[in-house]
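Novice: This is the structure alone, sequence omitted:
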């Protein structure tokens with residue numbers, strides 16, 4: 001019974017010996033075993049789990065195939081909703097002893113991280129006779145990443161232009177680095193040392209969002225099936241690109257790449273097609289590019305704010321998928337002008353489980369359980385709405401500089417530093433066109449107003465995964481996330497039948513996810529540029545109370561109330577301009593036409609898996625009529641805007657004349 005005695009002493013007596021650790025066999029295989037030449041083989045293996053929002057990841061030690069000294073780290077994963085399969089695997093592999101269970105008398109803990117360690121603790125006790133030694137998720141993820149980077153040769157690599165190249169990591173200059181962990185949601189961590197890190201931010205648009213929408217749009221049953229579909233699809237069918245807006249001739253004159261992505265799902269707006277008219281492969285390809293670019297953009301902005309040039313990507317939703325890594329790499333390279341590099345990790349989906357496994361034998365007391373602590377910041381869902389009007393009087397002399405966020409089909413962000421002086425900083429391809437495009441596919445609505453009306457009657461919590469769904473009613477207090485915090489938009493979608501969900505709930509979830517995303521990116525851009533004022537305009541935000549309210553909440557949450565949010569609207573909303581005299585005094589009336597074209601809503605660097613992929617003749621002919629209609633609509637909007645500016649200028653002149661007359665009377 002020596003083996004059992006050894007197992008009972010697992011908290012201090014047994015540990016993972018990392019000396020000489022390496023990957024053997026097929027280096028291109030998914031999650032190959034890690035050989036531990038100095039690790040003794042025990043009767044009861046070391047086992048650790050990461051129970052996330054969607055998947056359960058398991059790491060365990062096992063004897064080497066073919067015998068010999070040492071042991072191997074092996075990997076397995078299961079869908080969280082199929083917890084019984086995880087139990088069956090643990091029993092079948094004898095990971096808890098010869099009979100596949102342990103009695104309560106032995107009281108041997110099993111290392112586990114993630115919210116599921118709390119939600120399913122009783123299930124593990126009842127089904128397997130083990131208690132879970134609950135470890136903090138973020139601590140485990142960082143420990144797992146550091147383990148790979150510091151101990152496993154070839155664990156880090158880049159994937160660019162179809163080439164996978166190993167990255168030599170020097171232990172002398174590993175820290176600091178940015179770790180972007182893509183699970184159901186996305187957590188972004190600044191790692192400064194072993195067990196030294198800070199969760200700087202995250203986003204609710206992650207793997208759970210991709211998979212949830214993929215189920216609804218394509219009917220796929222698994223994430224791997226979704227990835228396979230995306231490989232065979234063409235996102236040009238649904239995505240609006242610069243060529244669609246400007247035409248090839250204008251693109252050449254302005255030096256714009258014709259395939260630059262302007263609005264994900266933007267073509268759906270003017271198309272008469274229904275969801276069933278699109279190929280699942282094209283829908284999958286569009287989803288993958290839309291969200292991988294968005295994650296990469298947020299990672300780039302955060303890294304820039306922190307002054308970091310090394311960005312590592314991990315998480316179970318990368319899956320070693322070539323297009324996923326290619327999209328992220330190209331986007332990081334594009335936005336950073338080749339000053340940053342996206343680096344990926346082998347076994348990227350098992351960082352939390354690996355970190356938990358490393359805690360065996362840790363007597364320091366630093367294996368970081370999820371303890372209660374004061375919340376760091378309020379969740380944006382419960383934060384009070386921000387009124388678009390500022391109480392501070394402004395004048396012409398201190399208006400500048402400010403960030404102008406134009407929300408059309410895509411999103412363009414321009415720093416205005418003076419009258420007629422501006423610079424486009426960045427854009428996002430997830431704008432109004434994405435919201436309405438997806439809304440038409442999911443709800444069948446015919447207009448943005450109808451979509452907003454639907455969203456008013458919906459409950460996003462029917463489809464959105466919250467922190468409470470993962471961790472329970474206590475939330476994740478250690479990093480300041482209450483149970484009501486959205487962890488993954490559409491992350492609760494389990495059924496592939498669209499009819500199983502209310503269109504009102506889907507509309508509410510769409511509005512939440514993308515308005516908060518726009519607000520988050522706008523805050524990062526403003527912060528990076530040192531700007532304290534953000535002005536929003538555009539057909540998809542101005543005049544729509546619900547949209548403005550959610551963007552205001554988002555900005556208040558992310559900036560902790562330090563950024564002023566104002567909406568530039570037309571009739572009925574001019575009061576939000578405060579002391580601003582007119583558009584002229586804000587410096588935006590003198591934007592030349594060709595400059596407006598140049599500042600068209602450019603979000604991501606390109607569309608499709610290959611930048612040079614041409615639009616087919618069939619696609620061009622099929623969309624000609626709708627594109628002409630959209631161009632005509634844009635021209636009409638432009639004329640209306642010019643007329644509005646002229647009217648405001650006249651009112652401005654009249655008001656100034658009245659003020660001058662009043663001053664003369666007073667004198």
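Specialist: Sure thing, it's come through. Note that the structure is a prediction, hence the values are computed from the model and not measured. Numbers count the residues shown, from 1 in each chain.
Novice: what separates the one helix or strand residue 427 maps to from the chain centre, distance-wise?
Specialist: In this assignment (DSSP states H and E), residue 427 forms part of strand 421-428. With CA atoms, centre = their mean, to the nearest Å as the basis, strand 421-428 stands 22 Å off its chain's centre.
Novice: Can you pull out the residues in contact with the following helix or strand past that strand?
Specialist: The helix or strand immediately downstream of strand 421-428 is helix 432-443, counting by DSSP H and E. With CB atoms under 8 Å, 6 or more residues apart in numbering as the test, helix 432-443 has contacts from 213, 216-217, 238, 240, 262-269, 274-275, 278, 283, 290, 407-410, 445-446, 448, 451, 454, 498, 503, 506-507, 510-511, 514, 538-541. C-beta coordinates here come from the backbone N, C-alpha and C atoms, glycine included.
Novice: Now with 7 Å, please.
Specialist: 216-217, 240, 263-266, 268-269, 275, 290, 407-410, 445, 448, 451, 454, 498, 503, 506-507, 510-511, 514, 538-540 (CB atoms under 7 Å, 6 or more residues apart in numbering).
Novice: ditto for stretch 189-200
Specialist: Against stretch 189-200 from outside (CB under 7 Å, 6+ apart): 138-139, 142-143, 146, 175-179, 181, 187-188, 302, 306, 366, 479.
Novice: one more time with 6 Å, if that's ok
Specialist: 138, 142, 146, 175, 176, 177, 179, 187, 188, 306, 479 (CB atoms under 6 Å, 6 or more residues apart in numbering).
Novice: Sticking with residue 35, tell me its helix or strand.
Specialist: Residue 35 is part of strand 34-36, with elements assigned from DSSP H and E.
Novice: what are the pairing partners of that strand, and which direction each?
Specialist: strand 22-23 (antiparallel), strand 71-79 (antiparallel) (DSSP bridges).
Novice: out of those, deepest packed?
Specialist: Counting by mean count of other CB atoms under 10 Å, strand 71-79 has the highest mean neighbour count of these, with a mean of 20.
Novice: Average pLDDT for it, rounded please.
Specialist: The average pLDDT within strand 71-79 is 94.
Novice: Downstream of that strand, the next helix or strand is which one?
Specialist: helix 83-92.
Novice: State the distance from residue 82 to residue 352.
Specialist: Residue 82 sits 19 Å away from residue 352, going by CB to CB, to the nearest Å.
Novice: Please list all residues in contact with residue 555.
Specialist: Residue 555 neighbours (CB under 6 Å, 6+ apart): 519, 523, 563, 565.
Novice: Same check on residue 498?
Specialist: If you count contacts by CB under 6 Å, 6+ apart, then residue 498 has residue 216 around it.
Novice: does residue 331 sit in a helix, a strand or a coil?
Specialist: Following DSSP: H, G, I helix; E, B strand; the rest coil, residue 331 is assigned to helix.
Novice: follow-up on the earlier one: could you dump the strands paired with strand 34-36 to TSV with distance to residue 467?
Specialist: Putting these into TSV (distance: least, CB to CB, whole Å) gives the following:
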stretch	distance to residue 467
strand 22-23	34
strand 71-79	20
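Novice: burial measure for the residue lying closest to residue 486 once chain neighbours are set aside, as a count.
Specialist: With sequence-adjacent residues excluded and distances taken as CB to CB, 6 or more residues apart in numbering, residue 486 is closest to residue 204, at 4.4 Å. Residues contacting residue 204 under the criterion other CB atoms under 10 Å number 25.
Novice: pretty sure residue 204 is touching residue 490, no?
Specialist: No - Residue 204 is not in contact with residue 490 according to CB atoms under 6 Å; the separation is 9.4 Å.
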